[in-house]
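Q: turn this into a structure:
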Amino acid sequence: SPPLHLNMDIFDDVDGDCEGGRRKGFGDGDFNVEEFVNTLSPYATEDNFNANSLLTHFESEIEHLWQEHDMVNTLVGQLELACTSNEDEHLRTLQEAQGDIKESIDTLQSLGAGISQISVKVVPVGDQLEGTKLRRDRAMDASVIAKHFTAFGNSSERLLPPFHIIETRSDLPGDDGNVEQLTDEELEEAVTIMQKVKYLSAELTSSRKYMATHTRIAKVNKKLEEFCIDKFQKALILDNMETMKHVSRLLHSLSPKIHTKLVDVLVEHMVSKIPFLHDNIFYACVQLCEQIQDLVVEVFEQPLPIMLIMVNVLLKGCITDYVREELEKSEERLETLYILFTKVSKTIGKFNSVLKLQLDDNEQARLCRTVFQQYTHDYIDQEILNLQESYSVHLRDFYEAINPENLGKKGGEENIEDMIPLLVESTLSATLIYENNNALIRCKVIAPAPRTAEWCFRIFVKLLDGMCEEYLRTAIKVATKSLPPKKLKAPPSLVFLTLVGNCNSNVFLVQKHFQEVVAPLIADDDGVRSACIRRKNEVMLKLEEDLTRGLTRCTDAVVEWVKHLLATKQDKHEFKASESSLSMLQCTKACSAVTLFLSSCFQQIIMALNGKNETKLCRYLGCAIHNVLISHITQHVISKHGAIVLKQDLVAYSTCLKRLHDPFVDELMTTLMELCQVLIVPHESLDQLCGEGRLASMPKTMIDTFLHLRADSKNSKFRELMKM
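A: Residues are numbered from 1 along each chain as shown. Next up, the predicted model:
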């Protein structure tokens, strides 16, 4: 049956017991009354609910629980007694251990004090024993050195071991003249003894008694050095690293100066391998240094100086020989020198990085110059001479190509006009600049740092002389012969403008070359930079003056021919036209001739010039034409209908001058056309007209000048109006 949930209020006495039970040991976490009741209720009530049977069942179960509670309390009491007994025993054991530890510490302290007393007595004894041993060792060493020194002084007897193996004396018995090999131990012993014997010999150099001894010691010492070098060389061939390291250490202690011969042996042996490493000598040298680096580090105590010696030997030996051979068979000596200089410089850089030589840029440059010292002392003179010869050849070939046999003849003007477009060619200029650029690149690499700016300045001056002074100014001088004469008999030729445009393009190339290539190379030297800019500006100013004189001649000729056309083509009666002839006119013959001529001139100017040169020339010419037109107009008496004809001409002139694309000139022509309105309007409206537009700000003298051109200007009514 399902669990029976009871109202716990009917079991007050039982609940009291249970509460008492909880107070005695059944806590909330160990015993839950409600769960206990719900668990027992299904088994005490079968099909029908019987409170008495349920109460009886509960009481029996509660009694059983109290029995278990008493049994558990008994066990807990026993456990508490056992824990208390163990705790007392542990505390007693701990107290006994603390007593033993204290006793041990006291014993150790007394033992330490005894040891300190003994050591105080033993240390002086040890010092005495050590001093006695040192004196004994010194005495024994002195005895050995004295015996060997005595043996060196006795020329009739063989030396003591191990020197008897080194010295060869055919005059002494038992010496067959063959030098035996020393073992490593014997060699070390010989070196140690020889050091001390040499020291003793040096102390006795003032006595003539020991001269023979000194001589014999020196000979044996030399043989010992030779033996060490020979042993090192054999070990090097056999690649015996330990032996090489041992011999190097011994020879360094025996004779530090002779120790460098081991380096010579090592370098000579390694350099002999270069032809077998690689066809490229520079790559082979770097590869060789990489191979030798580990050996040097292992054998020598100071490997860095050894590697520096190795690098110097390679540079002054095989690399210098290779450079000499390449320069001797080269036809382009300067270019070959530059290429070799670059390769050697890069090789030294690789030496520095691979071998960790810690060389700065100046030291690397110094090493590089040791290879090329005999080739660079006159480098700049050769470079300048080479540029001068090259420029001369290019210019000679250029002039021969255009066949200028009539350039210097007075009767060759027609030839000159045909030749002017050919006198300045961008290809030739680009070639001259390209060769100058190559020379500067070579100079930057080869020149010493303090002289780089000065030498680059000299190279750039050759470009100014060859291209600007000789080439462009010669072309200008020849083209000057084509300039229009002062007294014109025909329309002037403006072919000189073509030369101006070509010169401007070439000058732009020179300026660009200076800014991008030359200026960075001379920037560090203010004096050279100022001198270079001053020289460049002087040359450019001369070219500008020559071109300006030619342009002035051309513009003056254009203006003069316009005057000529206006004077010869303009009919004075055209500005006095009647109303009947007005419809037949578009513009006058003079206007047509002038605009046709000016259109041709403007087209040549626009095609030949550009930039500021074009703008300045167009404004100058436009203003000059404007002045000519004003001067021409003021020479005529103009009727009302003639003013309309004039206005038609001015519209044509203005349209023509618009091709100059100059707003200032356009404004002048617009103002002039408005000014011509005073020739058209009735005299009653003049006052209103002069107070409007541009005429309001125009000087009164100019307006009066045009008013006096009117045909009715002598009319009494007009005069009265003018007075007002």
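Q: what are the contacting residues of stretch 656-669?
A: By Cβ atoms under 8 Å, 6 or more residues apart in numbering, the residues outside stretch 656-669 that reach it are 594-595, 598-599, 602-603, 606, 615, 618-619, 621-623, 625-626, 650, 653-654. Every C-beta, even on glycine, is put in place using the N, C-alpha and C of the backbone.
Q: repeat that for 6 Å
A: 595, 598-599, 602, 618-619, 622, 626, 654 (Cβ atoms under 6 Å, 6 or more residues apart in numbering).
Q: in those, find the pair that's most separated.
A: 595 and 619 (18.8 Å; Cβ to Cβ).
Q: in stretch 493-508, which residues are buried?
A: 493-504, 506-507 (16 or more other Cβ atoms under 10 Å).
Q: coming back round to it: more neighbours: which of residue 595 and residue 619?
A: residue 595 (21 against 15; other Cβ atoms under 10 Å).
Q: just the element for the more buried one, please.
A: Here residue 595 sits within helix 589-608, counting by DSSP states H and E.
Q: what mean pLDDT does that helix have?
A: Model confidence over helix 589-608, given as mean pLDDT, is 92.
Q: and what of stretch 297-317?
A: pLDDT averaged over stretch 297-317 gives 85.
Q: before we move on, back to that, and the contacts of stretch 656-669, which is closest to residue 671?
A: Looking across the contacts of stretch 656-669 and measuring by Cβ to Cβ, the closest to residue 671 is residue 626, at 9.3 Å.
Q: and the helix or strand harbouring the closest one, what does it pack onto?
A: Per DSSP H and E: residue 626 is located in helix 611-633. Applying 3 or more Cβ pairs under 6 Å, 6 or more residues apart in numbering; DSSP states H and E, we find helix 611-633 packed against helix 526-569.
Q: ok, now with 10 Å
A: For helix 611-633, the packing partners by 3 or more Cβ pairs under 10 Å, 6 or more residues apart in numbering; DSSP states H and E come out as helix 496-513, helix 526-569, helix 589-608, helix 640-657, helix 663-675, helix 700-707.
Q: okay, those helices in CSV with distance to residue 117 next?
A: Formatted as CSV, these follow (distance: least, Cβ to Cβ, whole Å):
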stretch, distance to residue 117
helix 496-513, 96
helix 526-569, 84
helix 589-608, 117
helix 640-657, 126
helix 663-675, 117
helix 700-707, 132
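Q: can you list contacts of stretch 601-608?
A: 421, 491-502, 504, 551, 554-555, 557-558, 561-562, 613-614, 617-618, 621-622, 625, 656-661 (Cβ atoms under 10 Å, 6 or more residues apart in numbering).
Q: max-length helix in this protein?
A: helix 51-153 (DSSP state H).
Q: state the distance from residue 335 to residue 326.
A: 11 Å (Cβ to Cβ, to the nearest Å).
Q: more crowded one of those two?
A: residue 326 (16 against 13).
Q: buried ones in the one helix or strand the more buried one maps to?
A: Per DSSP H and E: residue 326 is located in helix 320-329. The neighbour-count check on helix 320-329 (16+ other Cβ under 10 Å) flags 320, 322-323, 326 as buried.
Q: reformat those residues into CSV and put pLDDT and distance to residue 98 next to each item.
A: Shown next, in CSV, are these (pLDDT from 0 to 100; distance: Cβ to Cβ, whole Å):
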residue, pLDDT, distance to residue 98
320, 90, 88
322, 89, 90
323, 91, 91
326, 90, 94
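Q: let me have these in JSON lines, extended by distance to residue 513.
A: Shown next, in JSON lines, are the buried residues of helix 320-329 (distance: Cβ to Cβ, whole Å):
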{"residue": "320", "distance to residue 513": "35"}
{"residue": "322", "distance to residue 513": "34"}
{"residue": "323", "distance to residue 513": "31"}
{"residue": "326", "distance to residue 513": "30"}
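Q: from these, pick the one nearest residue 121.
A: Nearest to residue 121 among the buried residues of helix 320-329, with distances taken as Cβ to Cβ, is residue 320, at 73.6 Å.
Q: mind listing what the residue lying closest to that closest one once chain neighbours are set aside touches?
A: Sequence neighbours aside, residue 371 is the residue nearest to residue 320 in space, at 5.2 Å (criterion: Cβ to Cβ, 6 or more residues apart in numbering). Counting by Cβ under 10 Å, 6+ apart, residue 371 makes contact with 315-316, 319-320, 322-324, 340-341, 344-345, 347-348.
Q: could those be laid out in CSV, adding distance to residue 296?
A: Rendered in CSV, the data for the contacts of residue 371 read as follows (distance: Cβ to Cβ, whole Å):
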residue, distance to residue 296
315, 17
316, 19
319, 20
320, 22
322, 24
323, 26
324, 28
340, 28
341, 28
344, 22
345, 24
347, 19
348, 18
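Q: circling back: quick one: which helix or strand includes the residue nearest to residue 320?
A: helix 361-376.
Q: now the angle from that helix to helix 320-329?
A: Interaxial angle, helix 361-376 versus helix 320-329 (axes from the mean of the first three to the mean of the last three Cα atoms, to 10 degrees): 40 degrees.
Q: show me what counts as buried in helix 361-376.
A: 364, 367-369, 371-372, 375-376.
Q: residues touching residue 554, list them.
A: Contacts of residue 554 (Cβ under 10 Å, 6+ apart): 482-484, 492-497, 500, 601, 604-605, 617, 621.
Q: farthest pair in those?
A: 482 and 621 (18.8 Å).
Q: those two - which one has more neighbours?
A: Shown here are residue 482 and residue 621; by other Cβ under 10 Å, residue 621 has more neighbours (25 against 22).
Q: gap between the more buried one and residue 544?
A: Distance from residue 621 to residue 544, by Cβ to Cβ: 18 Å.
Q: cool, residue 384 as well?
A: Residue 384 is 27 Å from residue 544, by Cβ to Cβ.
Q: same check on residue 463?
A: For residue 463, the distance to residue 544 (Cβ to Cβ) stands at 18 Å.
Q: so those two - more neighbours on which side?
A: Neighbours per residue (other Cβ under 10 Å) separate residue 463 from residue 544, with residue 463 holding more: 26 against 15.
Q: hang on, the more buried one packs against residue 440?
A: Yes. The criterion here is Cβ atoms under 10 Å, and residue 463 meets it with residue 440 at 9.3 Å.
Q: hey, what's in contact with both of the two?
A: Common neighbours of residue 463 and residue 440 (criterion: Cβ under 10 Å, 6+ apart): 513, 518.
Q: nearest residue to residue 621 other than its sequence neighbours?
A: That would be residue 555: by Cβ to Cβ, 6+ apart, it lies 5.2 Å from residue 621.
Q: quick one: stretch 470-477 to chain centroid distance?
A: Computed by Cα atoms, centre = their mean, to the nearest Å, the chain-centroid distance of stretch 470-477 equals 40 Å.
Q: list the contacts of it.
A: 391-392, 394-395, 398-399, 404, 407, 419-420, 422-425, 428-429, 432, 464-467, 496, 499-500, 502-503, 506-507, 510, 539, 542-543, 545-547, 549-550.
Q: in which helix or strand would I find the residue nearest the centre of the chain?
A: By Cα atoms, centre = their mean, the chain has its centre lying nearest to residue 520, at 13.2 Å. Element membership of residue 520 [criterion: DSSP H and E] is helix 519-522.
Q: by contact count, what packs against that helix?
A: Using 3+ Cβ pairs under 10 Å, 6+ apart: helix 519-522 touches helix 426-446, helix 452-463, helix 526-569.
Q: any weak-confidence spans in the chain?
A: Filtered on pLDDT under 70, the chain yields the residue ranges 1-31, 40-49, 125, 137, 169-180, 205-208, 275-278, 403-415, 577-585, 713-724.
Q: who touches residue 121 in this structure?
A: Neighbours of residue 121 in contact, by Cβ under 10 Å, 6+ apart: none.
Q: swap in residue 382?
A: 333-334, 337, 375-376.
Q: switch those residues over to JSON lines; also include distance to residue 223.
A: Formatted as JSON lines, those follow (distance: Cβ to Cβ, whole Å):
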{"residue": "333", "distance to residue 223": "51"}
{"residue": "334", "distance to residue 223": "54"}
{"residue": "337", "distance to residue 223": "49"}
{"residue": "375", "distance to residue 223": "45"}
{"residue": "376", "distance to residue 223": "46"}
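Q: many thanks, I have nothing further to ask.
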